[in-house]
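Visitor: what's the 3D shape of this:
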Amino acid sequence: MIILPAIDIQDGTCVRLVKGDFATSHKVAEDYRKTAAGFVAAGASWIHMVDLDGARAGEPKNAELFLDVAKNTPLKVELGGGIRSLDTVEAYLKGGISRVILGSIALKNPQIVKDAVKEYGERIAVGIDAKNGMVAVEGWLDSSSVDYLSLAKEMAAVGVQYIIYTDISRDGTLSGVNTEQLQKIHQAVGAGCNIIASGGVHTIADIQACKQMGLYGTICGKSLYQGTLQLEDAIACAGAQV
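Guide: So this is what the prediction gives:
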């Protein structure tokens, strides 16, 4: 299983939110470069990055920062937030981003996801973020009437190979991953689609639970910054990183 340590960016600063609420934003690290270097030193091969300003604006807002990490560290960058067009997808992928995450657009304009997958294959991921099992969009500011499993099945059917699933109610809370929902979405999409767990990771027990389910990856954010989980331990538990 792959461990993806996370850096969320707002106004060029490393921050974390609680349950996606921008009002709870607080700085968790002084410098994104030093933070990324620490992840490398701990043995990480991937980093999960989110453009919070972009998610709210619907367009990239901190692109140069993400491209800097992709170009000047050995980390493979998985990036989400504000990616709503094929032009943005192309710009990021050509700039060195390894995998881009399509979120709101997967619900609002699934044709863009289909076109992106056709062109870029495994470099496209879809982020499904849910409140009470219902998909939320626009930086989690709006909710929908679409069930997370229905959207997951639709995305898998059009060839999406990676889905990042976040239970918003647990994100940034250190309350543990939602094993029930993760198990359901993992079973729903079948073997051709990889699930990455996001939201609620607290201790090594969450890493163990995700690995036992056979998930592709787990994103760790607040747990690393608060010290309830050591990245080296998570990577050792997960196994070889690729």
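Visitor: Could I get the full set of helices for this structure?
Guide: 32-41, 52-57, 63-72, 86-95, 104-108, 110-120, 148-157, 179-189, 204-213, 222-226, 231-238 (DSSP state H).
Visitor: Also compute the angle for the fourth one relative to helix 110-120, please.
Guide: Taking axes from the mean of the first three to the mean of the last three C-alpha atoms, to 10 degrees, one finds helix 86-95 and helix 110-120 inclined to each other by 30 degrees.
Visitor: What residues sit buried inside helix 86-95?
Guide: Within helix 86-95, the residues that qualify as buried are 88, 89, 91, 92, 93, 95, counting by 16 or more other C-beta atoms under 10 Å. (C-beta placed from N, C-alpha, C; glycine too.)
Visitor: Repeat that for the fifth one.
Guide: Neighbour-count burial for helix 104-108 flags 104, 105, 106, 107 (criterion: 16+ other C-beta under 10 Å).
Visitor: same deal with stretch 20-28?
Guide: Buried, per 16+ other C-beta under 10 Å, within stretch 20-28: 20, 25, 28.
Visitor: again, but for stretch 57-71
Guide: By neighbour count on 16+ other C-beta under 10 Å, the buried set for stretch 57-71 is 58, 59, 60, 61, 62, 63, 65, 66, 67, 68, 69, 70.
Visitor: dump the residue contacts of the fourth one.
Guide: With contacts defined as C-beta atoms under 8 Å, 6 or more residues apart in numbering, the neighbours of residue 61 are 51, 53, 54, 82.
Visitor: Buried ones among those?
Guide: Buried among these (16+ other C-beta under 10 Å): 51, 53, 54, 82.
Visitor: Low-confidence regions, the chain specifically.
Guide: 21, 138-144 (pLDDT under 70).
Visitor: Quick one: neighbours of residue 12, just the number.
Guide: By other C-beta atoms under 10 Å, 11 other residues sit near residue 12.
Visitor: That one: what's it in contact with?
Guide: 62, 65.
Visitor: Please tell me how far the residue nearest to residue 92 when sequence neighbours are not counted sits from residue 225.
Guide: Excluding the flanking residues, the one nearest residue 92 by C-beta to C-beta, 6 or more residues apart in numbering is residue 100, at 5.2 Å. As judged by C-beta to C-beta, to the nearest Å, residue 100 and residue 225 stand 24 Å apart.
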